[in-house]
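S.K.: sequence unknown, structure follows:
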């Protein structure tokens, strides 16, 4: 990428040709101004006119877009299988019910509920790190 921001190599023939050109123009400034303005008039007129609105653009594409859309719909209806096995909601609710049953069972045991809650939410102290390090 460094090459992009470097100076280009110098062309000796181009520099000599530029030096040999006449430095002063024989055309007066008023005439030069008039020529530039006259040459720019057609392009300025195009820029000043408003472009097509979005609804005009859509109406131009309508004869092409509607048949393509209908053909794509027909192809999709014919090529895709008619019976698709969808996952039922009962299986996901049964899994969620099983998970909640396990959590309720863990909390219902005497003496371990508060301990389990402390480890689920966040350890109450930093002793767990020391215990893990010593046990290994």
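M.R.: Looks like it came in fine. Keep in mind that what you see is a predicted model, and the values were worked out from it rather than measured. Numbering: from 1, shown residues only.
S.K.: for stretch 2-19, how far is the first residue from the last?
M.R.: 31 Å (C-alpha to C-alpha, to the nearest Å).
S.K.: Mind listing what's buried along that stretch?
M.R.: By neighbour count on 16 or more other C-beta atoms under 10 Å, the buried set for stretch 2-19 is empty. The C-beta positions use only the backbone N, C-alpha and C, and glycine is treated the same way.
S.K.: Number the chain from 565, please
M.R.: Got it, the first residue is 565 from now on, which makes the last one we talked about stretch 566-583.
S.K.: I'd like the average pLDDT over it.
M.R.: Mean pLDDT, computed over stretch 566-583, is 85.
S.K.: burial of residue 693, as a residue count?
M.R.: The number of residues packed near residue 693 is 10, by other C-beta atoms under 10 Å.
S.K.: quick one: it from residue 700, how far?
M.R.: As judged by C-beta to C-beta, to the nearest Å, residue 693 and residue 700 stand 12 Å apart.
S.K.: Could you do residue 623 as well?
M.R.: To residue 700, residue 623 is 73 Å away according to C-beta to C-beta.
S.K.: Those two: which is more packed in?
M.R.: residue 623 (11 against 5).
S.K.: name the element the more buried one belongs to?
M.R.: Residue 623 belongs to helix 618-643 when assigned by DSSP states H and E.
S.K.: ok, now residue 573?
M.R.: Using DSSP H and E, residue 573 sits within no helix or strand.
S.K.: pLDDT below threshold where in this structure?
M.R.: Residues of the chain meeting the criterion pLDDT under 70: 565, 586-589, 646-689.
S.K.: Please repeat the previous calculation with a cut-off of 80.
M.R.: Along the chain, the model assigns pLDDT under 80 to residues 565-567, 585-591, 614-616, 645-700.
S.K.: all helices for it, in order.
M.R.: For the chain, the helices defined by DSSP state H cover 576-584, 593-612, 618-643, 653-672, 677-685, 691-699.
S.K.: Mind giving me the packing neighbours of the longest one?
M.R.: If you count contacts as 3 or more C-beta pairs under 8 Å, 6 or more residues apart in numbering; DSSP states H and E, helix 618-643 packs onto no helix or strand.
S.K.: Using neighbour counts, pick out the buried residues of it.
M.R.: Residues of helix 618-643 classed as buried: none (neighbour count, 16+ other C-beta under 10 Å).
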